[in-house]
Structure formats: C-alpha cells, structure tokens
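*Asks:* What follows is a predicted protein model with its sequence.
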Amino acid sequence: MATEGIEAVFLETHNWGKAARFWQSMGYELEFATDHQSGQLRNGDGPYVFIAEVPEDREPRTRIVLKVADARALDLDADVEVVTPFEKTHYGTAEMTVRDPDGRLWSLQAPA
C-alpha cells in the first residue's frame, strides 16, 4: 500500500488570528480552533489547512501531509529514508516523517 494523496497542509504562523482570517477570505471555513492559538480550516472536500502559532523567534514552516489509510499496511521502498517512524499524536492520528532525495521532509498521516 502507498499514500493516497494530500491530506493536509500544516502552516506555522506568528499570528493565528490574522492567518485564519486570510484563509477564510480564500473560501475556507473554520472547523475548529484550539485554546492554544491553532485551528483547522477546510474548503469543500479537499485537503484541510491546519494553522499553528509559533514564537516570534522561530521561522514559520509549511508541511504538506500525505494521507495513509493504514499505517501497518504502508509498504515503502528501501530508497525512502524514514526520519521518524509512525508515532501516535495527541490529536488522534499517527504520523511518520520521511526525507526525499533533495532533503525535504514529508509527513505521512494515518488514523491512530
């Protein structure tokens, strides 16, 4: 089994409210907000956008998250460098990080 396309885009920001309003002006609707300056927005059936505020001294990053239906059934080629194996998250998924040949990190997300 391989990945099933893009699940989400994770964005870090220095201003949660301003970033959320930007995405809402692009047609995304707020699905939920947390009590620690983050939240999830969606536009139709496509990938969701999860935005998290980070401290000013940290440069905001962007991650594209690929969908995996079943972490146990994922069969990666030996050429794929696994940076971190699947680990359960506090928000009900399992995530893995892999590195592509150019050094970019990619997140894979599966149901926990």
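*Replies:* Ah, there it is.

*Asks:* does residue 85 count as helix, strand or coil?
*Replies:* strand (DSSP: H, G, I helix; E, B strand; the rest coil).

*Asks:* What's the local residue count around residue 6?
*Replies:* Applying the criterion other C-beta atoms under 10 Å, we find 13 residues in the vicinity of residue 6. Glycine gets a C-beta too; all of them are placed from N, C-alpha and C.

*Asks:* quick one: residue 41 and residue 34, what's the gap?
*Replies:* Shown here: residue 41 relative to residue 34, a distance of 13 Å by C-beta to C-beta, to the nearest Å.

*Asks:* higher neighbour count, the two?
*Replies:* The residue with more neighbours, out of residue 41 and residue 34, is residue 41; 23 against 13, by other C-beta under 10 Å.

*Asks:* Look up the residues forming beta bridges with the more buried one.
*Replies:* Residues found in beta-bridge contact with residue 41 (criterion: DSSP bridges) are residue 30, residue 49.

*Asks:* Distance of it relative to residue 35?
*Replies:* Relative to residue 35, and taking C-beta to C-beta, residue 41 is found at 17 Å.

*Asks:* swap in residue 25?
*Replies:* Computed as C-beta to C-beta, the residue 25 to residue 35 distance reads 24 Å.

*Asks:* who has more neighbours, those two?
*Replies:* When residue 25 is set against residue 35 and neighbours are counted by other C-beta under 10 Å, the residue ahead is residue 25, at 8 against 5.

*Asks:* confidence score at the more buried one?
*Replies:* Model confidence at residue 25, expressed as pLDDT, equals 97.

*Asks:* same check, this time on residue 80
*Replies:* 92.

*Asks:* Residue 57 now?
*Replies:* For residue 57, pLDDT reads 97.

*Asks:* burial count for it?
*Replies:* So residue 57, with other C-beta under 10 Å, has 6 neighbours.

*Asks:* Could you check how far it is from residue 41?
*Replies:* According to C-beta to C-beta, residue 57 stands 26 Å off from residue 41.

*Asks:* residue ranges of the strands in the chain, please?
*Replies:* Counting by DSSP state E, the chain has strands at residues 6-13, 29-33, 38-42, 48-53, 62-67, 81-88, 93-99, 105-111.
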